[in-house]
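Asker: Take this sequence and fold it.
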Amino acid sequence: MDRQAELKAFLRSRRARIRPSDVGLPTFGDRRRVPGLRREELARLAGIGVDYYVRLEQGRNEKISGELLDAIARALRLDEVERAHLHNLARPARRNGHRCDERAAPGLQRLLDSMTQAPAYVVGRRTRVLAWNRLAASVFGDFGAVPVRDRSMARLVFLDPASRGLYRDWEAKARDVIARLRLEIGLRPDDTELTALVAELSDESPDFRRLWEDQDVVDKTHGGYRLYHESIGPFSMDFRALRLPEEPDQLLVAYIVEPGSALEAAMRRLDGAAGG
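Answerer: Residues are numbered from 1 along each chain as shown. Below you'll find the model as predicted:
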């Protein structure tokens, strides 16, 4: 992935979403060729020289300090995840060489299997699904029947037509998946498999191309989705995504089913059917 191109696109997208009036700048009725803040306006808000900022946005400033990046982040009103993403793109850290295992961390499958009333799965790099329990397969589809290469949330959401029926707010799920990929690109711009995945999805999915341009980046650890299952009908579930200390590139995603609820009874029936 071209890190400089990513940095330029990210900064331009964040400038575009801020109106001058949002930060107290007069416009005097001028007609703007681009939405949002101009480069010189952002530089003034951040307290840096215009030429200095232009070099950064063009990827020609490799020695910018963390303090100046923080000033730009404040001027752009970035949240903490976006601020970290800016730092990753502008000042890529040297990684320690730790390679994410393509298998779930030891013991996780037993933990997943013990969760008989809540769908749960483990996601690794590039949104690859590494392990799951019976209920997850019953609700989200039989991951085991999907070829290993295609067993990722990104490919399933954008390339499998069944996802449109499963997620009643499909675009919300799609945006979450893209935001996760964006986060990874900031951390590992040299990941050739990730670059290939983004290129493949861009080629095959117009929706992916459209949403990818928004430059969303989110480290989402909780939330909820509205779903539909042929045996249950429409329902909603919240989730928690827990990062594993021994494998920080892996997330355990567990969906929450309220005890004593009609949904819990439905999940019990699904688990019983899946277990034969």
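
Asker: At the geometric centre of the chain, which residue do we find?
Answerer: Central residue of the chain (Cα atoms, centre = their mean): R180, 1.8 Å from the mean position.

Asker: And the pLDDT at that residue?
Answerer: Listed pLDDT for R180 reads 94.

Asker: Name the nearest residue to it, sequence neighbours excluded.
Answerer: Leaving aside its chain neighbours, R180 sits nearest to T127 (5.9 Å; criterion: Cβ to Cβ, 6 or more residues apart in numbering). Quick note: C-beta positions are derived from backbone N, CA and C, even for glycine.

Asker: Which residues does the host helix or strand of the residue nearest to the centre of the chain contact?
Answerer: Assigned by DSSP states H and E, R180 belongs to helix 170-187. With Cβ atoms under 8 Å, 6 or more residues apart in numbering as the contact definition, helix 170-187 has outside contacts at 1, 6, 81, 84-85, 88-89, 125-127, 153-154, 157-158, 163-164, 167, 191, 194, 197-198, 207-208, 211-212, 214-220, 223, 225.

Asker: filter these to the buried ones?
Answerer: 1, 6, 81, 84-85, 88-89, 125-127, 153-154, 157-158, 163, 167, 191, 194, 197-198, 208, 211-212, 215-219, 225 (16 or more other Cβ atoms under 10 Å).

Asker: Near P245, how many other residues are there?
Answerer: Applying other Cβ atoms under 10 Å, we find 7 residues neighbouring P245.

Asker: likewise K63?
Answerer: What K63 shows, counting by other Cβ under 10 Å, is a neighbour count of 5.

Asker: I'd guess it is in a helix, am I close?
Answerer: No: per DSSP: H, G, I helix; E, B strand; the rest coil, K63 lies outside any helix segment and is coil.

Asker: Distance-wise, check it relative to H222.
Answerer: Distance from K63 to H222, counting by Cβ to Cβ, to the nearest Å: 38 Å.

Asker: one step back: now, which of the contacts of helix 170-187 lie within strands?
Answerer: G223, Y225 (DSSP state E).

Asker: Mind listing the strands the longest strand seen in the chain pairs with, and their directions?
Answerer: When the chain is scanned for its longest strand (criterion: DSSP E), the result is strand 233-243. Here strand 233-243 is paired, per DSSP bridges, with strand 222-229 (antiparallel), strand 251-256 (antiparallel).
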